[in-house]
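Asks: model this:
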Amino acid sequence: MTPSEHGGFRPGAGRKPGSGGLYGEPTRQLRVPESQVETVVAYLDAYRQPATAEHPRPVERHPVSLGLTAFAHGVQAGWPSPADDYLDDTVDLNAELIVKGHEACTFVLRVAGWSMMQAGIFDGDRIVVDRSLSPVQGDVVVAVMNNDLTIKRLGRVDGKLALLPENPHFKPIILEEGDTLEIWGVVTNCLRQFRRGGR
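Replies: Take a look at the predicted model:
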């Protein structure tokens, strides 16, 4: 047997310097509580995944109108101010989320991944997608690039059409010769639930 067959040092073996492993950047050791290891690993696994959409669901074509009370006074995100009892209007969530007449072309998809987090779209969110809108540069879109479904902002890089992430840890996807791109729909709203109903 040669020495290399016994293991040990082999020229060219091992991780290349600066490869960054799974995350494309340098990493460092971090101690975490044993009870939180699975949570941290699951978060990192989701973090390195590009944002994709799963299981499109059509919206109800004949939704029931439900008016929610809207107050005229804005809500302070800093120090609270006295409540404003003046009722300004009612808000119909169907009208807010769906363009009238576009019900048959509007779908709800769930997002998986973190590449759009700086656009306010997080892993697990649901997005409202309108397939009847014509996409323009700057829109957040659901796109099929070389048969892969993804959510990105439509833009350009060096004059070339590109799908741009909203996370510095992900690189733009630039359309090159031979690539196929279909804009499946335009993202119009993002739905995030902070608490389920009940107690």
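
Asks: Now stretch 99-118: buried residues?
Replies: Neighbour-count burial for stretch 99-118, counted by 16 or more other Cβ atoms under 10 Å, picks out 103, 105-117. (Each C-beta comes from the backbone N, C-alpha and C, glycine too.)

Asks: Quick check: the two most widely separated of these?
Replies: Greatest spacing in those, by Cβ to Cβ: 103 and 114 (30.5 Å).

Asks: quick one on the thing from earlier: of the buried residues of stretch 99-118, just say which sits nearest to residue 132.
Replies: Nearest member of the buried residues of stretch 99-118 to residue 132, counting by Cβ to Cβ, is residue 105, at 3.9 Å.

Asks: how near is that closest one to residue 112?
Replies: When distance is defined by Cβ to Cβ, to the nearest Å, residue 105 is 23 Å away from residue 112.

Asks: same check, this time on residue 168
Replies: Applying Cβ to Cβ to residue 168 and residue 112 gives a distance of 19 Å.

Asks: got it, and residue 145?
Replies: Distance, residue 145 to residue 112, by Cβ to Cβ: 16 Å.

Asks: Could you do residue 118 as well?
Replies: For residue 118 relative to residue 112 (Cβ to Cβ), the value is 17 Å.
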